[in-house]
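Undergrad: only the shape, not the letters, is given here:
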Ligand code: SF4
């Protein structure tokens, strides 16, 4: 854990979030799971939009490359990887 992670983890511990109060398998959907909603990441994405710390969670996921699985801050891993690439490209272009 880096020092940057501490405020977010504290925020999570002090906040009632959908991923803590509902079945967490929805946030780590497996396309091979035969049971809805555990095979559809968009279900978790929808619940994230009701979360009071959605923006902080998305930022945490984008900036922490150790995160490789799941839905975070209303973003799928596909979204998160796209945003990481955009930021990296922007850094390169800024020199
Ligand atoms: S935004 Fe983050 S903390 Fe909130 S429900 Fe989604 S994954 Fe959980």
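TA: Arrived safely, thanks for sending. Keep in mind that what you see is a predicted model, and the values were worked out from it rather than measured.

Undergrad: which residues touch the spatially most central residue of the chain?
TA: The centre of the chain sits closest to residue 72, judged by Cα atoms, centre = their mean, with a distance of 1.1 Å. Applying Cβ atoms under 8 Å, 6 or more residues apart in numbering, we find residue 72 in contact with 27, 48, 57-58, 60-61, 80. (Glycine included, C-beta is placed from N, CA and C.)

Undergrad: which bits of the chain sit near the ligand?
TA: 12, 17-19, 27, 47-48, 51, 53-54, 57, 71-74 (Cβ under 6 Å from any ligand atom).

Undergrad: and the longest helix belonging to the chain, what's buried?
TA: Ordering each helix of the chain by length in residues (DSSP state H) puts helix 77-94 first. By neighbour count, and taking 16 or more other Cβ atoms under 10 Å as the criterion, the buried residues in helix 77-94 are 79-80, 83-84.

Undergrad: equivalent analysis for stretch 53-62, please.
TA: By 16+ other Cβ under 10 Å, the buried positions in stretch 53-62 come out as 53-54, 56-62.

Undergrad: follow-up on the earlier one: by contact count, what packs against the longest helix of the chain?
TA: Judged by 3 or more Cβ pairs under 8 Å, 6 or more residues apart in numbering; DSSP states H and E, the packing partners of helix 77-94 are helix 54-63.

Undergrad: can you list the residues that contact the helix it packs on?
TA: With Cβ under 8 Å, 6+ apart as the criterion, helix 54-63 contacts 4-5, 8, 11-12, 48, 51, 67, 72-75, 80, 83-84, 87.

Undergrad: mind running it again at 7 Å?
TA: Contacts with helix 54-63, where a contact means Cβ atoms under 7 Å, 6 or more residues apart in numbering, come from 8, 11, 48, 51, 67, 72-75, 80, 83-84.

Undergrad: let's see which of those residues end up in strands.
TA: Among those, none falls in strands (DSSP state E).

Undergrad: and the closest residue to residue 37 other than its chain neighbours, what element?
TA: With Cβ to Cβ, 6 or more residues apart in numbering as the criterion, residue 37 has its nearest non-adjacent residue at 3.9 Å, and that residue is residue 43. Assessed by DSSP states H and E, residue 43 sits inside helix 41-48.
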